[in-house]
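Participant: Here is my input; please provide its structure:
(one chain, ligands or ions: 1)
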Amino acid sequence: MSFPEGFLWGGAVAANQIEGAWREGGKGWSVADVATYKPDADVRDYKTHVSVSSDSIKRAMEESDCTYYPKRRGIDFYHRYKEDLALFAEMGFKVFRLSIAWTRLYPTGEEEEPNKEGLDFYENIFKEMRRLGIEPLVTLSHYEMPLLLSLKYNGWTDGRVIDCFVRFCQTCFKHYGQYVKYWLNFNEVDSIIRHSFITAGIIPDRCGEKSELSCCYQALHHQFVAAALVTKMCHELISGSKMGCMLTKLMTYPRTCAPEDVAATQKKNLENMFYSDVMVFGEYPKMILRDLEKRGINISMEPGDLEILKEGTVDFVSFSYYMSMTESVDPNAERTPGNTVLGVKNPYLESSEWGWQIDPVGLRISLIELYDRYKKPLFIVENGIGSKDILEPDGTVHDAYRIDYFRKHFQEMEKAIDDGVELMGYTSWAPIDLISASTNQMSKRYGFIYVDQDDLGGGSLKRIKKDSFYWYRKVIETNGKDMS
Ligand code: BGP
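Facilitator: Just a heads-up that it's a prediction; the model follows:
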């Protein structure tokens, strides 16, 4: 067994979780700038962490201090990107996944012309990556949309945001098409149902007589249309470009072999893949439309929307995979948190400090399921373990648990490839410690590189190589042959 020649090994980040410089370079307010670190909230209760209201947004906009708004400072990648890219190159990265913050190019989301300082910032990054021989993989929407589109239109619930997004993407394709071949439209497009504000700028108390869930499906439809429009545009503007969708792969097993548990699990897995179904097949699955109808959820579509979906299907399927869970019809089944989900606990698996159940075999199962379903190349664009790494007095970080996590996941990837799955590449989440998307913690560390910063922003921001830095370098150097 082996990884194919040219396998794209690398790492993934998001602008709002690393850049900082939230008011520099002409950047406008993004939804991430009002995300608060809640030290007293249970880190396993993601809904508390992601919740938002008109009042909390108003308070945040009146607060210029960043202490409890970690995504305003990130890890200062904005000023340190050359140092960080050099570290990624030292690990031998073939690819680096990053997002372009919409509000650096269009501060309010509605300008006619892009902000030049923002354009230049990303052009400098792509030039540096080309110099280092690292291929960009660019996410167009990664939890950082213009806050003013949220306040003015209640985010993606309003179809006018489609035009704003298409204009932003057209600018990206025109300015960066010479550097970027691989693109992703919406990060974890399915996450809109779990955290509608972060993903689509929906403020629940502004949904009026519509339920938040109805607003989510309406907003999701607008994102499907926008994704299809920009996929078609990307192919037209950048010859040889590849556009992927990006799904949170929430692999779910039946808690028992009782048929009711199996049926409930089947429903969960089909619901999870609905989002990638639309972007791969260019149409809504009939059973999903029937389910929405039974739940009284009505999506208003413009004439021509369905044709747009059909003409804008993606070239590959990318996904994040961290953990798996089980499903049971037993209301008393013990539950445990996962990636902004609450699943039934699997007694055969260990859990991370945040309760996420570690399941390398689940990654192989996911790869085989997605490849069999879509028959398109796959790309793992997020995978990793958040943990409280300890910086030793001698300046080392011994993260053997992270090496073990990756080694076991890579071994399962290799088995899936050996079974015939076409896997384009792998970007770990995240190559460098950064701000957690769901809890806004710095102390939930993912990186091969430690960043000296605490949850309240204290620290030198010094970058320190963990043991896993050297291990991953060796894996890449040998294209996965040496994982010892
Ligand atoms: C995914 C997001 C990433 C990343 C990851 C880890 O949902 O796409 O942005 O944050 O989850 O989650 P967290 O940061 O909440 O631990």
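
Participant: hey, let's count contacts and neighbours off CA atoms from now on
Facilitator: Will do.

Participant: quick one: pLDDT of residue 95?
Facilitator: Looking at residue 95, its pLDDT is 99.

Participant: cool, the one 4 residues further on as well?
Facilitator: At residue 99 the predicted local distance difference test score is 99.

Participant: The one 5 residues further on too?
Facilitator: Confidence at residue 104, expressed as pLDDT, is 99.

Participant: show me what contacts it?
Facilitator: 25-28, 115, 117-119 (CA atoms under 8 Å, 6 or more residues apart in numbering).

Participant: Repeat that for residue 170.
Facilitator: Residue 170 touches 230, 233-234, counting by CA under 8 Å, 6+ apart.

Participant: what about it, distance to residue 123?
Facilitator: Taking CA to CA, to the nearest Å as the measure, residue 170 falls 15 Å from residue 123.

Participant: Over to residue 444?
Facilitator: Taken as CA to CA, the span from residue 444 to residue 123 is 30 Å.

Participant: Same question for residue 285.
Facilitator: 39 Å.

Participant: Spell out the secondary structure type for residue 11.
Facilitator: When classified by DSSP: H, G, I helix; E, B strand; the rest coil, residue 11 comes out as strand.

Participant: what's the closest non-adjacent residue to it?
Facilitator: residue 427 (3.9 Å; CA to CA, 6 or more residues apart in numbering).

Participant: wait, isn't that neighbour in contact with residue 95?
Facilitator: Yes. When contacts are counted by CA atoms under 8 Å, residue 427 is listed as touching residue 95 (7.5 Å).

Participant: Need the residues touching each of these two.
Facilitator: Contacts common to residue 427 and residue 95, judged by CA under 8 Å, 6+ apart, are 8-11.

Participant: of all those residues, which comes closest to residue 279?
Facilitator: residue 8 (23.1 Å; CA to CA).

Participant: That closest one bridge partners, please.
Facilitator: Residue 8 has these beta-bridge partners by DSSP bridges: residue 425.

Participant: I figured it hits residue 97, correct?
Facilitator: No. Using CA under 8 Å, residue 8 is not in contact with residue 97, being 10.8 Å away.

Participant: more neighbours, these two?
Facilitator: Neighbours per residue (other CA atoms under 10 Å) separate residue 8 from residue 97, with residue 97 holding more: 25 against 22.

Participant: gap between the more buried one and residue 347?
Facilitator: Taking CA to CA as the measure, residue 97 falls 34 Å from residue 347.

Participant: Same question for residue 467.
Facilitator: Using CA to CA, residue 467 is found at 30 Å from residue 347.

Participant: Those two - which one has more neighbours?
Facilitator: The neighbour comparison of residue 467 against residue 347 (other CA under 10 Å) goes to residue 467, with 17 against 11.

Participant: list the helices and strands the helix or strand where residue 236 lies packs on?
Facilitator: Residue 236 is part of helix 212-237, with elements assigned from DSSP states H and E. Judged by 3 or more CA pairs under 8 Å, 6 or more residues apart in numbering; DSSP states H and E, the packing partners of helix 212-237 are helix 160-176, strand 182-186, strand 242-248, helix 259-281, helix 305-311.

Participant: quick one: which of these is nearest residue 18?
Facilitator: strand 182-186 (18.2 Å).

Participant: What pairs with that closest one, parallel or antiparallel?
Facilitator: The pairing partners recorded for strand 182-186 under DSSP bridges are strand 135-141 (parallel), strand 242-248 (parallel).

Participant: who touches the particular helix or strand that has residue 148 in it?
Facilitator: Assessed by DSSP H and E, residue 148 sits inside helix 147-153. Here helix 147-153 makes contact (CA under 8 Å, 6+ apart) with 29-31, 108-109, 155-156, 161, 200-203.

Participant: how far is that helix from where the chain is centred?
Facilitator: Relative to its parent chain, helix 147-153 has a centroid offset of 22 Å by CA atoms, centre = their mean, to the nearest Å.
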